[in-house]
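> Quick one: sequence plus predicted model below, questions after.
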Number of protein chains: 2
Amino acid sequence: MPVSANTNNALRNYLLAALPAADFARIESKFEPVSFKLGEVLYESGDKMDYVYFPTTAIVSMLYVMENGATAEIGVIGNDGIVGVSLFMGGDSTTSRAIIQSAGEAVRMKAKDLKCEFSLGGAFQTMLLRFTQALMTQISQTAVCNRLHTVEQQLCRWLLLSHDRLDSDTLVMTHDLISNMLGVRREGITLAAQKLAKKKLIKSVRGTITVIDRRGLEEASCECYAVVNGEYNRLLGRGISRTFG
Amino acid sequence: MPVSANTNNALRNYLLAALPAADFARIESKFEPVSFKLGEVLYESGDKMDYVYFPTTAIVSMLYVMENGATAEIGVIGNDGIVGVSLFMGGDSTTSRAIIQSAGEAVRMKAKDLKCEFSLGGAFQTMLLRFTQALMTQISQTAVCNRLHTVEQQLCRWLLLSHDRLDSDTLVMTHDLISNMLGVRREGITLAAQKLAKKKLIKSVRGTITVIDRRGLEEASCECYAVVNGEYNRLLGRGISRTFG
DNA sequence: ACTCTTTTGTGTGTTGCCGCACATATAATT
DNA sequence: AATTATATGTGCGGCAACACACAAAAGAGT
């Protein structure tokens, strides 16, 4: 039987790729490819979720929106995970918005199908739960980082998390958008980016940021990145850090 | 058959109390009562967990400890939940420390028993997963709050979360301990507490803080408390807010 | 070429919290 | 009652990030 383009696509997602062949074979028919542009919203806060998404090349940001419009990112999900954990956790909705941070592809699966598969309790369930714990670690570390670290350190962490989930070294992203993610002023990002550029770690030109010295970025970052990355490795097998890639 | 003291104790935990009688009956023999003093550590970061804990009167704080010794709380768990979600999530450990924030009682259950029960996939599993999602909301909101709100607002939120999980209106807690939780200076808490005392919302005297005007505290708090509380209500049925209690 | 929009750069004053130092007050100990 | 330990109150200089204002640069559309 020929491997469909669909299948190839789905396997770019690490969670799916790590599934035992038998499990993957059972559910692959439920996948449907989808393509997203920068800024598209997958779920709004409180929305009932009809699908879950397994990003393959897209990156999704979990963004909290305050009553006064201020925003702050609580986590980022790429081809390392699944968007919509609340579905199998039993909530059917979250208090945050899921928004495309980097344009690209994903495969989606109907809520009903996912719940059905989850309830079988096999390798798929195990994997989803482990990913959820890794995500919790990321959210926790975001909380800590927000409290204790400078904007420059946080920008490093954020760039590394994004870089890990990208094929390219160049992020299509304005300072303004990053400032919304980190919950700081746009000028703060401009300043921090300038400092990092001066240290030859990145190059920042109108709408794009290019990672030049990844190792240097890791050194300039707070310990938060390493902690999160370590947990992803521990919980999900080989992680997605590009440090040695 | 007489109801044991053990059983009565366990039912003070909302998660357990909300279990269908049949499920509770099956697992109650696995419970073992434990008593904790302020500051006792249930798990250290990275520890393999041998037990999970269902607090009945104790309150547990999930505290992240940085390399340099700085600390920040990422969530608080009382008789509304379970301490040790990583066990059934598949990680067996967390990157945070679980420490007693308010002395009291809990019932504990062996890791193996919990995993066994979880894998049955019934009401118990559903409940544990729903609680985990509520906890994720709390952690997320902590991240947002750390980024966007003042120490005074955060102190309100923190006092409310603690108050909800307490029978009394008086918390046994020094400014210094609170500052470790919120990840700020001790003096910052002293100042914030003074402001709240001036507004007649609390009374702060050497080692204890007493809630005087709960409704006023809610108004002085940021929206974060209400959001978290709303999710606990939604996910776990009646929540534990004492607003109308 | 021209305008218009978006993105980035820069300056000024303000604020909230930090770090440190030290004074005072309230228990606990003897 | 005196001593010690713990907890809280207060002042001062410093800094990171804020709010606001506006200039400069880079693309996009006509």
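Good, I have the coordinates. Numbering: from 1, shown residues only, chains lettered A, B, ... in the order given.
> which residues does the residue most central in space within chain A contact?
Closest residue to the average C-alpha location of chain A: A:Ile77 at 1.6 Å, with CA atoms, centre = their mean. A:Ile77 is in contact with A:55, A:59-62, A:83, A:135, counting by CB atoms under 8 Å, 6 or more residues apart in numbering or on different chains. Any C-beta I mention is one placed from the backbone N, CA and C, and that applies to glycine too.
> Quick one: mean pLDDT for stretch A:203-212?
When pLDDT is averaged over stretch A:203-212, the result is 97.
> quick one: that stretch to chain centroid distance?
Taking CA atoms, centre = their mean, to the nearest Å, one finds the center of stretch A:203-212 at 20 Å from the center of the full chain.
> hmm, that stretch touching DNA strand D?
Yes - Stretch A:203-212 comes into contact with DNA strand D (CB under 7 Å from any atom of the strand), by way of A:205-206.
> what's the span of that stretch from first residue to last?
End-to-end distance for stretch A:203-212, by CA to CA, to the nearest Å: 7 Å.
> So what angle separates the directions of the longest helix seen in chain A and helix B:123-148?
Longest helix of chain A, by residue count under DSSP state H: helix A:123-148. Interaxial angle of helix A:123-148 relative to helix B:123-148 (axes from the mean of the first three to the mean of the last three CA atoms, to 10 degrees): 30 degrees.
> tell me which residues in helix A:123-148 are buried?
Going by neighbour count (16 or more other CB atoms under 10 Å in any protein chain shown), the buried part of helix A:123-148 is A:124-125, A:127-148.
> And for stretch A:176-191?
Neighbour-count burial for stretch A:176-191, counted by 16+ other CB under 10 Å, picks out A:177-184, A:188-189.
> and chain B, which of the residues you listed reach it?
Intersecting those with the surroundings of chain B, defined as CB under 8 Å from any CB of the partner chain, gives A:182-184.
> Just the ones of these in helices?
Using DSSP H, A:Leu182 are the members of these that sit in helices.
> Redo the ones next to chain B among the buried residues of stretch A:176-191 as TSV? Include pLDDT and distance to DNA strand C.
Formatted as TSV, these follow (pLDDT from 0 to 100; distance: CB to the nearest atom of the strand, whole Å):
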residue	pLDDT	distance to DNA strand C
A:Leu182	98	13
A:Gly183	98	14
A:Val184	98	13
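> So which of the ones next to chain B among the buried residues of stretch A:176-191 is the closest to B:Tyr14?
A:Gly183 (32.4 Å; CB to CB).
> Would you check how far apart that closest one and A:Gly122 are?
Going from A:Gly183 to A:Gly122 by CB to CB, to the nearest Å gives 39 Å.
> wait, does the longest helix of chain A contact DNA strand D?
No - using CB under 7 Å from any atom of the strand, helix A:123-148 never reaches DNA strand D; the gap is at least 10.0 Å.
> Is any residue of that helix near DNA strand C?
No - if you take CB under 7 Å from any atom of the strand as the test, helix A:123-148 misses DNA strand C, and the best it gets is 7.9 Å.
> what mean pLDDT does that helix have?
Summarised as a single mean, pLDDT over helix A:123-148 is 98.
> Same question for stretch A:163-170.
97.
> Outside of that stretch itself, list whatever touches it.
Stretch A:163-170 has contacts (CB under 8 Å, 6+ apart) with A:55, A:57, A:59, A:76, A:78-80, A:102, A:171, A:208-212, A:214, A:217, A:229, A:239-242.
> Which among those residues count as buried?
Going by neighbour count (16+ other CB under 10 Å), the contacts of stretch A:163-170 have A:55, A:57, A:59, A:76, A:78-80, A:102, A:171, A:209, A:211, A:214, A:217, A:229, A:239-241 buried.
> Can you show me the helices along chain A?
Taking DSSP H to define them, one finds helices in chain A at A:5-10, A:14-17, A:21-27, A:85-89, A:111-119, A:123-148, A:151-164, A:175-182, A:186-198, A:214-220, A:223-236.
> Check which helices and strands the fifth one sits against.
What it means is helix A:111-119. Applying 3 or more CB pairs under 8 Å, 6 or more residues apart in numbering or on different chains; DSSP states H and E, one finds that helix A:111-119 makes contact with helix A:21-27, strand A:51-55, helix A:85-89, helix A:123-148.
> Could you pick out the residues of chain A near DNA strand C for me?
That would be A:174-176, A:186-187, A:190-191, A:193-194, A:204, A:206-207, which are the residues of chain A within reach of DNA strand C (CB under 7 Å from any atom of the strand).
> Quickly check those residues for the two that are furthest apart.
So, the residues of chain A next to DNA strand C by CB to CB: farthest apart are A:Leu191 and A:Gly207, at 17.7 Å.
> so what's the nearest residue to A:Gly39 once chain neighbours are set aside up against?
What sits nearest to A:Gly39 in space, not counting adjacent residues and going by CB to CB, 6 or more residues apart in numbering or on different chains, is A:Ile100, at 6.1 Å. If you count contacts by CB under 8 Å, 6+ apart, A:Ile100 has them with A:36-42, A:58-61.
> Give me the buried subset of the residues you listed.
Neighbour-count burial (16+ other CB under 10 Å) applied to the contacts of A:Ile100 gives A:36, A:38, A:42, A:58-61.
> Out of those, which comes closest to DNA strand C?
The closest of the buried ones among the contacts of A:Ile100 to DNA strand C turns out to be A:Leu38 (CB to the nearest atom of the strand; 9.4 Å).
> Take the helices and strands packed on helix A:111-119 and lay them out in a markdown table including distance to B:Ala17.
As requested, the helices and strands packed on helix A:111-119 are exported to a markdown table (distance: least, CB to CB, whole Å):
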| stretch | distance to B:Ala17 |
| --- | --- |
| helix A:21-27 | 36 |
| strand A:51-55 | 32 |
| helix A:85-89 | 21 |
| helix A:123-148 | 25 |
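> Among the ones you listed, which comes closest to B:Thr95?
Between B:Thr95 and the helices and strands packed on helix A:111-119, the shortest gap by CB to CB is with helix A:123-148, which sits at 5.6 Å.
> Compute the inter-axis angle for the closest one and strand A:51-55.
If you take the same axes, to 10 degrees, helix A:123-148 sits at 80 degrees to strand A:51-55.
> Helix A:123-148 vs chain B: in contact?
Yes - on the criterion CB under 8 Å from any CB, helix A:123-148 is in touch with chain B at A:126, A:129-130, A:132-133, A:135-137, A:139-144, A:146-148.
> Would you confirm that A:Trp158 contacts A:Met181?
Yes - A:Trp158 is within contact range of A:Met181, at 6.5 Å (criterion: CB atoms under 8 Å).
> Can you work out which residues contact both of these two?
Common neighbours of A:Trp158 and A:Met181 (CB under 8 Å, 6+ apart) are A:Glu73.
> count of neighbours near A:Ala17?
A:Ala17 has 12 neighbouring residues, counting by other CB atoms under 10 Å in any protein chain shown.
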